[in-house]
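S.K.: model this:
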Amino acid sequence: MTYAELPNKLVSAANGVDYAYREAGDGGVPLVLLQHFRGNLDSWDPALIDALASGRRVVTFDNTGVGGSSGQTPDTVGQMARDAIAFITALGLGQADVLGFSIGSFIAQEIALIRPAIVRRLVLASAAPQGAAGMHGWAPEVIGAVGTPQTSPEGFLGVFFTPSPASRQAGQESLGRMYARSDDRDTPTTWATREAQYDAVCAWGIPDHGLLQRLSCLEMPVFVANGDSDPMILPHYSRLLAGLIPQARLKIYPDSAHGFLFQHHAEFARDVDEFLTDLRITYSTTAPARD
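M.R.: Take a look at the predicted model:
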């Protein structure tokens, strides 16, 4: 069964929240995915999920107050991380691999810092470290495209894909896959979720050089990835992030923007699979970040 055909499920967590989720694939260490700003279960490109799930169990979910999950969306990344931990615990996953995309990458970092024992390996897509200078809110043209009450396919394409014909074609194909599902679609995210998430993004971006040092304590292997033309989280921040984490590897994908993982879904899924299955990765703290 493909991701576009999977049923929506609910699980009740100890924090009183009923979490909406889907799971694909089977076997291996589960891979838990954390979604982007204002995204829900249907905001993942099915082609990416199907590729990731070809050799393992993959779990997507709506965090507290998002989409089909109950509760009120918190306005801090720290609380979002604790809520995600409650979901992982409710599913009884034990130790998992975690892939965070955009604001999901912020949450993934916090999960690894708050509860490192539950994260085996970490994938950070379109990511930035907390406290980095220049990250206090997104550029006006970006928030104007994805932060308005009524978003549009044109706004999505302008932020998630580059103006090149190849990237725009990939974007149109990605949108087609996302909207192919007509039955049992997830509940759309609300304006309250948008406001809370953007508050969290702005707080995350308040410059504070001291916060960058927190990442030095991450001991699990980390894969950092971004597009070379991301206008939402500039690739500079992903490079900075990879340099701050002892065991990070870095890849920047060409002719792509915030949605590089949808545009390059087959390549990115192969890279993630190689990272998650690479037995040569050890838990030493000497591995350098690399392109």
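
S.K.: beta partners for the most centrally placed residue in the chain?
M.R.: Closest residue to the average C-alpha location of the chain: residue 101 at 1.8 Å, with Cα atoms, centre = their mean. In this entry, residue 101 is beta-bridged to residue 125, by DSSP bridges.

S.K.: mind listing what's buried along stretch 86-105?
M.R.: For stretch 86-105, the buried set under the neighbour-count rule, 16 or more other Cβ atoms under 10 Å, comprises 86-88, 90-91, 93, 96-105. Just so you know, the C-beta spots here come from the backbone N, C-alpha and C atoms, and that holds for glycine as well.

S.K.: state the mean pLDDT of stretch 218-233.
M.R.: Rounded to a whole number, the mean pLDDT of stretch 218-233 is 97.

S.K.: now, which of the buried residues of stretch 86-105 lie within helices?
M.R.: 86-88, 90, 103-105 (DSSP state H).

S.K.: export those to CSV and tack on distance to residue 185 and pLDDT?
M.R.: Below are those laid out as CSV (distance: Cβ to Cβ, whole Å; pLDDT from 0 to 100):
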residue, distance to residue 185, pLDDT
86, 25, 98
87, 20, 98
88, 24, 98
90, 23, 98
103, 21, 98
104, 20, 98
105, 25, 98
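
S.K.: let me know the closest of the residues you listed to residue 130.
M.R.: residue 105 (10.8 Å; Cβ to Cβ).

S.K.: contact partners for that closest one?
M.R.: Residues in contact with residue 105 (Cβ atoms under 8 Å, 6 or more residues apart in numbering) are 34, 124-128.

S.K.: and the furthest pair within the ones in helices among the buried residues of stretch 86-105?
M.R.: The most widely separated members of those are 90 and 105, with 22.2 Å between them, by Cβ to Cβ.

S.K.: neighbours around residue 279, how many?
M.R.: 5 (other Cβ atoms under 10 Å).

S.K.: go on, residue 35?
M.R.: 23.

S.K.: local confidence estimate at residue 280?
M.R.: The confidence metric pLDDT takes the value 81 at residue 280.

S.K.: and it, that one's in a strand?
M.R.: No. Counting by DSSP: H, G, I helix; E, B strand; the rest coil, one finds residue 280 to be coil, located in no strand.

S.K.: show me what the lowest-mean-pLDDT helix or strand in the chain is packed up against.
M.R.: Taking mean pLDDT, DSSP states H and E as the measure, helix 140-146 is the helix or strand of the chain with the lowest mean score, a mean of 90. If contacts are counted by 3 or more Cβ pairs under 8 Å, 6 or more residues apart in numbering; DSSP states H and E, helix 140-146 sits against helix 153-160.

S.K.: which helices and strands does the very next helix or strand once past the helix it packs on pack with?
M.R.: Next along the chain after helix 153-160, taking DSSP states H and E as the criterion, comes helix 165-178. Using 3+ Cβ pairs under 8 Å, 6+ apart as the contact criterion, the elements in contact with helix 165-178 are helix 46-52, helix 153-160, helix 260-263.

S.K.: so which bits of helix 165-178 are buried?
M.R.: Under the neighbour-count rule (16+ other Cβ under 10 Å), helix 165-178 has 167, 170-171, 174-175, 177-178 buried.

S.K.: now that helix against helix 153-160, angle please.
M.R.: Using axes from the mean of the first three to the mean of the last three Cα atoms, to 10 degrees, the interaxial angle of helix 165-178 with respect to helix 153-160 works out to 120 degrees.
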